[in-house]
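Participant: Sequence first, then the predicted structure, then my questions.
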Amino acid sequence: MKSLVVDDDELSRVVLKEMLASNYDCDIASDGEEAFKLYLNAMDAMRPYDLILMDIVMPGCDGHTALAKIRAHEKGCGIEASKIAKIIMLTSLDDPKTILECYQNGATSYLVKPVSNTKLIQVLKNFRLIC
């Protein structure tokens, strides 16, 4: 399966990529704009991402903006709800307003940073992204 990790912090990208390595071919991006470009390239190549882990707070194009752009593109292409990318937002802001905004923008789920391997595995199992 194919995944994309989006975070402006290099250490976070490396750690998350390592967590996914045994189950996913994983690309990385350092901001929302780069993530959206990689998403479009993957769609054009007919190899869409199954999973996107995306930080919310990033300079430039933040996670909420990138999430909205991805969901708008999927909708514009007529992609069935069951076939859209599973997008898990990553945040250090564990407050109801942030969480609500994630879901309003079309997030599949969210995880509070720092992300533990146990929590990530559980969320991936919940969405049948791993066995």
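Facilitator: Structure received.
Participant: Can you give me the neighbour number for the closest residue to Met54 other than its chain neighbours?
Facilitator: Closest residue to Met54 apart from its sequence neighbours, by CB to CB, 6 or more residues apart in numbering: Val6 at 4.2 Å. All C-beta spots, glycine's among them, are computed from the backbone N, C-alpha and C. When neighbours are counted by other CB atoms under 10 Å, Val6 registers 31.
Participant: Quick check on Val6: phi, psi?
Facilitator: The phi and psi torsions at Val6 (degrees, to the nearest 10) take the values phi -120, psi 120.
Participant: ok, now the one 4 residues further on?
Facilitator: Here is the backbone geometry of Glu10 (degrees, to the nearest 10): phi -60, psi -40.
Participant: what's the neighbour count on it?
Facilitator: The burial count for Glu10: 10, using other CB under 10 Å.
Participant: That one and Cys61, how far apart?
Facilitator: 18 Å (CB to CB, to the nearest Å).
Participant: okay, now Asp7: neighbour count?
Facilitator: Neighbours around Asp7, by other CB under 10 Å: 27.
Participant: hang on, I meant Ala68
Facilitator: Ala68 has 15 nearby residues by other CB under 10 Å.
Participant: My guess is it contacts Asn105. True?
Facilitator: Yes. Judged on CB atoms under 8 Å, Ala68 makes contact with Asn105 at a distance of 5.0 Å.
Participant: Please write out the alpha-carbon positions of the helix or strand of the chain with the lowest mean pLDDT in PDB.
Facilitator: When the helices and strands of the chain are scored by mean pLDDT, DSSP states H and E, helix 96-104 comes last with a mean of 90. In PDB, the C-alpha atoms belonging to helix 96-104 read as follows (Å, rounded to 0.1, in the frame of the first residue of the first chain):
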ATOM      1  CA  PRO A  96     -12.600  20.400  20.500                       C
ATOM      2  CA  LYS A  97     -12.400  23.300  17.900                       C
ATOM      3  CA  THR A  98      -9.300  21.800  16.200                       C
ATOM      4  CA  ILE A  99     -10.800  18.300  16.200                       C
ATOM      5  CA  LEU A 100     -14.100  19.500  14.800                       C
ATOM      6  CA  GLU A 101     -12.300  21.400  12.000                       C
ATOM      7  CA  CYS A 102     -10.400  18.200  11.100                       C
ATOM      8  CA  TYR A 103     -13.700  16.400  10.600                       C
ATOM      9  CA  GLN A 104     -15.400  19.300   8.900                       C
END
